[in-house]
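Novice: sharing a model prediction with you, sequence too.
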Amino acid sequence: MPEQPVATLCIVNYKTLDFTRLCLRSIRRFTRIPCEVMVVDNNSADASTEYLRSLKWIRLIERRPEPGEQGGIAHAAALQEGLDRCHSDFFISMHSDTFVQTEGWLSDLIGYFGNDPQVACVGSGKLELIPRWRMWLKQATDIRTFKRRLLHAPDPLSKHRYYNRTICCLYRTDVLKKENLSFLMDRDKGVTAGKKLYFELVDRGYKTVELPPSVMSRYVLHLAHATQVVNPQEFNVRSRTTRKCNHLARKVMSSPAVQRILNDDRLDT
């Protein structure tokens, strides 16, 4: 009899065949505890959809976004559809351009919940593939943020408040459902998927674990903005961001560790 899944991993796919393949194969390569892998396809209607249909070990949900629904809202709606169908203890959001790189990663991350039912979320902030000193320099020279804090400028949408990103984020499923929380909260304000949900968890008294990027990056690697960059006809991305993402993507995708996964077709069966 199959083991009951401890966690449901939910990946949203939108026209990212190569990244989605690596994401899924890396999950299969490095995950040892019982889990369900759910992929919500946002009407890609391309080779990535055909690839997902060929996989028997995932749960594929093909959804059609509502008229006018695109970008972050479509992503949030897909995550919510996954949560609605989740029946395991933990729900895990993961971007299709996020790749697992460590054996036992999921067991380690779930371990941060401990035995405290009040811990409702484990995650991290931005995961950028740049040296740590450059991240510190970027933060130290962010004049606009410094001025906002100095002048106590109002922040009604909590743009400058920390939250665990959905890049790779773990939630207690029963807490989200009991509290009636949704990834679509504040969608009319253009808030990033999972942001308002995280604030609600904190404001309602739940504990969260905020892992430093240096810790989360031991387990997963993230190519920021990859979905937008590989679909330039649909997303408006700055040329500097495009160049940076393409450079990192070439470096990551050509690395020996990634090539071993991409060349192992057995991970699809």
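Specialist: Nice, thanks for sending it over. All values reported here derive from a predicted model rather than from experimental measurement.
Novice: alpha carbons only: can I get stretch 259-269 in PDB?
Specialist: C-alpha atoms of stretch 259-269 as PDB (Å, rounded to 0.1, in the frame of the first residue of the first chain):
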ATOM      1  CA  GLN A 259      23.700  18.200 -16.800                       C
ATOM      2  CA  ARG A 260      23.800  14.800 -15.000                       C
ATOM      3  CA  ILE A 261      20.100  15.400 -14.000                       C
ATOM      4  CA  LEU A 262      19.000  16.600 -17.500                       C
ATOM      5  CA  ASN A 263      20.700  13.600 -19.100                       C
ATOM      6  CA  ASP A 264      19.000  11.100 -16.800                       C
ATOM      7  CA  ASP A 265      15.700  10.300 -18.600                       C
ATOM      8  CA  ARG A 266      15.000   7.700 -16.000                       C
ATOM      9  CA  LEU A 267      13.900  10.500 -13.600                       C
ATOM     10  CA  ASP A 268      10.800  11.000 -15.800                       C
ATOM     11  CA  THR A 269       9.600   7.500 -15.500                       C
END
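Novice: how distant is it from the center of its chain?
Specialist: How far stretch 259-269 lies from its chain's middle: 22 Å, per Cα atoms, centre = their mean, to the nearest Å.
Novice: what's next to that stretch, contact-wise?
Specialist: 21-22, 24-26, 28-29, 54-57, 253 (Cβ atoms under 8 Å, 6 or more residues apart in numbering). Backbone N, C-alpha and C define where each C-beta goes, glycine included.
Novice: same question, stretch 4-11
Specialist: With Cβ under 8 Å, 6+ apart, stretch 4-11 has contacts from 20, 23-24, 27, 33-40, 79, 82-83, 86-96, 106, 110, 170, 173.
Novice: can you give me the strands for the stretch 1-150 of the chain?
Specialist: 7-13, 35-41, 59-62, 90-95, 98-100, 119-124 (DSSP state E, counting those that start in this stretch).
Novice: mind putting these in a markdown table, mean neighbour count included?
Specialist: Converted to a markdown table, the strands of the stretch 1-150 of the chain look like this (neighbours: other Cβ atoms under 10 Å):
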| stretch | mean neighbour count |
| --- | --- |
| strand 7-13 | 26 |
| strand 35-41 | 22 |
| strand 59-62 | 16 |
| strand 90-95 | 26 |
| strand 98-100 | 25 |
| strand 119-124 | 24 |
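Novice: compare the ones you listed and report which one is nearest to Gly194.
Specialist: strand 90-95 (6.6 Å; Cβ to Cβ).
Novice: from the middle of its chain, how far away would that closest one be?
Specialist: With Cα atoms, centre = their mean, you get 7 Å for strand 90-95.
Novice: that one packs against which elements?
Specialist: Applying 3 or more Cβ pairs under 8 Å, 6 or more residues apart in numbering; DSSP states H and E, one finds that strand 90-95 makes contact with strand 7-13, helix 17-30, helix 71-84, strand 168-172, helix 173-178.
Novice: what about stretch 106-123, start to end distance?
Specialist: End-to-end distance for stretch 106-123: 12 Å, by Cα to Cα, to the nearest Å.
Novice: state the mean pLDDT of that stretch.
Specialist: Mean per-residue pLDDT for stretch 106-123: 97.
Novice: just how off-centre is that stretch within its chain?
Specialist: With Cα atoms, centre = their mean, you get 17 Å for stretch 106-123.
Novice: can you list the low-confidence ranges for the stretch 1-150 of the chain?
Specialist: Low-confidence segments of the stretch 1-150 of the chain (pLDDT under 70): 1-2, 128-150.
Novice: thinking again about what came up before, in TSV: the helices and strands packed on strand 90-95, plus distance to Ala226.
Specialist: Compiled in TSV, these are given as follows (distance: least, Cβ to Cβ, whole Å):
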stretch	distance to Ala226
strand 7-13	12
helix 17-30	6
helix 71-84	13
strand 168-172	14
helix 173-178	27
